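> Next one to model:
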Amino acid sequence: MRTPTDNPSPWVRRFAGLVPAGEVLDLACGSGRHARLFAGLGHRVLAADRDPQALVAAACAGIETLQVDLEEEGACWPFAAGRFAGIVVTNYLHRPLFQHLLDSLAPDGVLIYETFAIGNEAFGKPSNPAFLLRPGELLELAALGGLTVLAYEDGVVADPKPARVQRLCAAGRAFIGTEAKLDHLVGRE
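A predicted model of the protein is given here:
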């Protein structure tokens with residue numbers, strides 16, 4: 001039986017089609033639900049996580065796995081500048097990685113980020129402010145990287161369980177998307 005975490009986030013699924021051809025990084029990939037989505041769309045995927053058992057679940061055709069703990073003292077960011085056409089991060093927050101994420105995004109790349117925000121403590125864990133985005137923090141991240149915000153939400157969701165989240169889809173300066181495709185993906189039809 002599949003659990004809700006086996007299914008890609010509707011936010012990630014909605015914007016996955018905007019990611020240009022190339023390699024996608026699924027950071028803190030868990031069991032690989034988003035890695036499988038992007039591999040299914042024809043991308044080469046690097047699924048990175050510190051949990052070796054999660055990486056076993058994530059491994060399949062089109063997905064390379066990397067066991068790495070980027071929160072460990074002295075850990076170095078292992079990815080080259082401009083390497084990834086897409087970066088997806090969900091249910092994970094480690095602020096010291098923000099600049100590295102921006103640096104590793106290709107000039108025409110797309111960043112899709114979704115995680116818990118201040119206010120989530122009313123719904124359970126995480127409740128520690130260190131793991132909750134401040135109001136507008138993902139917008140600040142996009143501005144820091146000179147990214148164009150394609151879509152942003154900050155609010156309460158009901159599925160897969162009630163939570164307060166922030167969501168961002170942003171693109172690098174060289175991103176070219178047709179207006180019709182963007183309108184369809186962001187719901188402005």
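
> What is the longest strand seen in the chain packed up against?
Ranked by residue count under DSSP state E, the longest strand found in the chain is strand 105-116. With contacts taken as 3 or more Cβ pairs under 8 Å, 6 or more residues apart in numbering; DSSP states H and E, strand 105-116 sits against helix 10-15, strand 84-90, helix 137-144, strand 163-171. Every C-beta, even on glycine, is put in place using the N, C-alpha and C of the backbone.

> mind listing what the second one pairs with, with the direction of each?
Going back to what we said before, that points to strand 84-90. strand 23-27 (parallel), strand 105-116 (parallel) (DSSP bridges).

> Can you say which of those is packed in most?
Ranked by mean neighbour count under mean count of other Cβ atoms under 10 Å, these are led by strand 23-27, which reaches a mean of 25.

> returning to what we had before: okay, the strands paired with strand 84-90 in CSV with mean pLDDT and distance to L41 next?
Conversion of the strands paired with strand 84-90 to CSV gives the following (pLDDT from 0 to 100; distance: least, Cβ to Cβ, whole Å):
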stretch, mean pLDDT, distance to L41
strand 23-27, 98, 9
strand 105-116, 97, 12
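
> Tabulate those (JSON lines), appending distance to G74.
Formatted as JSON lines, those follow (distance: least, Cβ to Cβ, whole Å):
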{"stretch": "strand 23-27", "distance to G74": "19"}
{"stretch": "strand 105-116", "distance to G74": "24"}
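
> out of those strands, nearest to Q67?
Among the strands paired with strand 84-90, the nearest to Q67 by Cβ to Cβ is strand 23-27 (12.8 Å).

> residues in contact with that closest one?
By Cβ atoms under 8 Å, 6 or more residues apart in numbering, the surrounding residues in contact with strand 23-27 are 32, 34-35, 38, 43-48, 58, 79, 83-89, 92, 97, 101, 104.

> and the next element down the chain from it?
Per DSSP states H and E, the first helix or strand lying C-terminal to strand 23-27 is helix 33-40.
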